[in-house]
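> Have a look at this fold, sequence not included:
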């Protein structure tokens, strides 16, 4: 029986700072220069965190309204926490408000380049990433962005975020190893659904399986009920042994309820989800009991979250850990590789890096790969069916 994950209340610092220096590949001696004695650029506008000579820009929608502004604040605090916990860091963070708009991102990136930033972390939104990249690329400044839109990735513009491609690859690889070879999918009729559908088709084909049926629903209950009923009728024909439902929030529980009302449950098929299922609304749904989904290592995140709460008096929003790992990466690479820290060769090392969300690596095309665990929902708790790999030595 898989081990259960319960609330992580300890303040242990097992994962305090491991990003950026762990798993770094052996490199030629030309990559082992000491950190530079200073960086180009005049007086810095806006908030600066740290005093190191290497300037690292952090672009966030700090003045945006609603949830975006709160995410930005938590990411800014996570960056500060990472710098505080990383010993002997050689960086300073130039915090820039991109206002959550392309024009704001373009202006923030221009200021960062003018002030001598050697790498840009952020922005958060897809259009802002594209705008910032239009400034950074001509200046030969790499970007490590937080958008989940894979279309924004390119050579020199790397995505730090949790991408749907990684979710699909991990859950299909695991499910196929458990004999699940015939898939049906319920997907939202939006850009996310399109990316997931293409990833599912590729991953299932690579595993030697088949996608028997796909239904795309609009984001209303009438459409969701109609499409889930169609999938239920196909499942009852006996040709499907896994149903993929990547949507999170209230969508996955509702779709599972419709399937159950039509006579389809875990006795007939295995329900598979995405990283969006790490949500109490999904985990509490009885019709998803024993379902599987992929996700990053939770022990590392919970240790970070406990330290964040101790420092700032609240739990971090889930995305905030990306900023923690990005700053830790920048600090670790700067300290180890000096002037060569942010070159393509170092950033795309095949052995990757380790952060609070586990092992990750950047591909030359800007997309990332993450080492993910597979979890099973077990009566309001999560069991670990397959732990996240600690490195990229096999199976990637």
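Yep, it's here. Keep in mind it's a predicted model, so treat the numbers as computed, not measured. Numbering: from 1, shown residues only.

> Contacts for the helix ranked longest in the chain, please.
Longest helix in the chain, counting residues (DSSP state H): helix 66-85. For helix 66-85, contacts defined as C-beta atoms under 8 Å, 6 or more residues apart in numbering pick out 13, 16-17, 19, 49-50, 58, 60-64, 89, 91, 93, 95, 100, 121-122, 124-125, 146, 307-308, 311-312, 316-317, 319-328, 331. Using the backbone N, CA and C atoms, a C-beta is placed for each residue, glycine as well.

> and if we set it to 6 Å?
Outside helix 66-85, the residues that touch it by C-beta atoms under 6 Å, 6 or more residues apart in numbering are 16-17, 49-50, 58, 60-62, 89, 93, 100, 311-312, 316-317, 319-320, 323-324, 327-328.

> And for stretch 209-221?
176, 181-187, 189, 193, 201, 204, 223-224, 227, 230-231, 234, 239-240.

> Please enumerate the helices of the stretch 251-396 of the chain.
251-261, 280-283, 298-312, 320-337, 344-347 (DSSP state H, counting those that start in this stretch).

> quick one, which of the ones you listed is nearest to residue 152?
helix 320-337 (14.5 Å; C-beta to C-beta).

> Just the angle for that closest one relative to helix 298-312, thanks.
Orientation check (axes from the mean of the first three to the mean of the last three C-alpha atoms, to 10 degrees): helix 320-337 against helix 298-312 gives 100 degrees.

> helices and strands around helix 320-337, which ones?
helix 66-85, strand 91-97 (3 or more C-beta pairs under 6 Å, 6 or more residues apart in numbering; DSSP states H and E).

> Return the subset of the contacts of stretch 209-221 lying in helices.
Using DSSP H, the subset of the contacts of stretch 209-221 located in helices is 176, 193, 201, 204, 223-224, 227, 230-231, 234.

> Which residue is the nearest non-sequential neighbour of residue 273?
Of all residues not flanking residue 273 in the chain, residue 293 sits nearest, at 3.5 Å (C-beta to C-beta, 6 or more residues apart in numbering).

> correct me, but that neighbour touches residue 276?
No: using C-beta atoms under 6 Å, residue 293 makes no contact with residue 276, being 8.2 Å away.

> could the helices of the stretch 251-396 of the chain be laid out in JSON lines, adding mean pLDDT?
Output for the helices of the stretch 251-396 of the chain, formatted as JSON lines (pLDDT from 0 to 100):
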{"stretch": "helix 251-261", "mean pLDDT": "98"}
{"stretch": "helix 280-283", "mean pLDDT": "96"}
{"stretch": "helix 298-312", "mean pLDDT": "96"}
{"stretch": "helix 320-337", "mean pLDDT": "96"}
{"stretch": "helix 344-347", "mean pLDDT": "97"}
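
> rewinding a little: who wins for most neighbours among the ones in helices among the contacts of stretch 209-221?
Using other C-beta atoms under 10 Å as the neighbour criterion, residue 231 leads the ones in helices among the contacts of stretch 209-221 with 27 neighbours.

> quick one: pLDDT of that one?
Residue 231 carries a pLDDT value of 98.

> Pull the contacting residues for it.
184, 186, 215.

> Neighbour count and distance to residue 303 for these - can I get that in TSV?
As requested, the contacts of residue 231 are exported to TSV (neighbours: other C-beta atoms under 10 Å; distance: C-beta to C-beta, whole Å):
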residue	neighbour count	distance to residue 303
184	23	38
186	28	35
215	19	40
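
> any weak-confidence spans in the stretch 51-200 of the chain?
88 (pLDDT under 70).

> can you give me the strands for it?
54-60, 91-97, 119-121, 143-145, 157-159, 182-188 (DSSP state E, counting those that start in this stretch).

> which residues are in contact with the third one?
The list of residues contacting strand 119-121 from outside it, by C-beta under 6 Å, 6+ apart, reads 56-58, 112, 136, 141-144, 326, 330, 342.

> cool, and the last one?
Outside of strand 182-188, the residues that reach it under the criterion C-beta under 6 Å, 6+ apart are 193, 196-197, 200, 204, 210-216, 228, 231, 234, 239-245, 247, 255.

> do the same with the first one
With contact meaning C-beta under 6 Å, 6+ apart, strand 54-60 is reached by 39, 72, 75-76, 79, 90-96, 98, 108, 112, 116-123, 330, 334.

> strand partners of that strand, parallel vs antiparallel please.
strand 91-97 (parallel), strand 119-121 (parallel) (DSSP bridges).

> between those, which gets nearest to residue 368?
Judging the strands paired with strand 54-60 by C-beta to C-beta, what sits closest to residue 368 is strand 119-121, at 14.0 Å.

> circling back: specify the beta-bridge partners of the residue nearest to residue 273.
Where residue 293 sits in a bridge, its partners, by DSSP bridges, are residue 375.

> That one: neighbouring residues, count only.
For residue 293, using other C-beta under 10 Å, the count is 32.

> From residue 316, how far off is it?
Going from residue 293 to residue 316 by C-beta to C-beta, to the nearest Å gives 21 Å.

> Also residue 211?
36 Å.

> Just give the closest residue to residue 113, not the sequence neighbours.
That would be residue 139: by C-beta to C-beta, 6+ apart, it lies 4.7 Å from residue 113.

> what do you get for residue 327?
The shortest distance from residue 327 to any non-neighbouring residue, by C-beta to C-beta, 6+ apart, is to residue 82 (4.0 Å).
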